[in-house]
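K.L.:
need coordinates for the below:
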Amino acid sequence: MTIVEEKEHEMIKEGLVFNEQTGRWLSHYPWIQEPECLTENKYFAQAMLRSTEKRLKRNLLHAETYQNQMKDMVDRKVARLVSEEELRAYQGNISSLIMMSSVRTPVQPL
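P.N.:
Residues are numbered from 1 along each chain as shown. The predicted structure follows:
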């Protein structure tokens with residue numbers, strides 16, 4: 001492991017806390033830039049979403065995988081659906097990323 005990798009590993013390790021009441025690990029991953037410092041990117045996020053939707057329409061297997069992963073995140077309560085009203089009222093940074101490169105995980109919502 002390189003020095004950089006060791007430092008990154010240590011930062012991630014420091015962000016892990018075990019909640020004995022729930023029996024789950026809680027994690028805090030460090031940001032390169034604090035989210036409050038990021039510029040407003042709603043237009044970019046919406047453009048990425050439209051692009052993702054077009055790509056998924058061309059590959060039904062990826063579309064189904066993406067839908068299943070999103071449903072799984074909602075079921076596990078690590079993500080939730082946001083209403084149009086909430087979205088309009090939200091003032092922070094919005095990001096929507098998708099990685100379509102891995103054969104094992106062809107669609108990875110981030």
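
K.L.:
and the strand or helix carrying Asn68, what's buried?
P.N.:
Using DSSP states H and E, Asn68 maps to helix 60-75. By neighbour count on 16 or more other Cβ atoms under 10 Å, the buried set for helix 60-75 is His62, Ala63, Thr65, Tyr66. C-beta: built from backbone N, CA, C; applies to glycine.

K.L.:
ditto for stretch 43-63
P.N.:
Using 16+ other Cβ under 10 Å as the test for burial, stretch 43-63 gives Met48, Thr52, Leu56, His62, Ala63.

K.L.:
neighbours of Arg76, how many?
P.N.:
Neighbour count of Arg76, defined by other Cβ atoms under 10 Å: 8.

K.L.:
from Gln69, how far out is it?
P.N.:
Arg76 sits 11 Å away from Gln69, taking Cβ to Cβ, to the nearest Å as the criterion.
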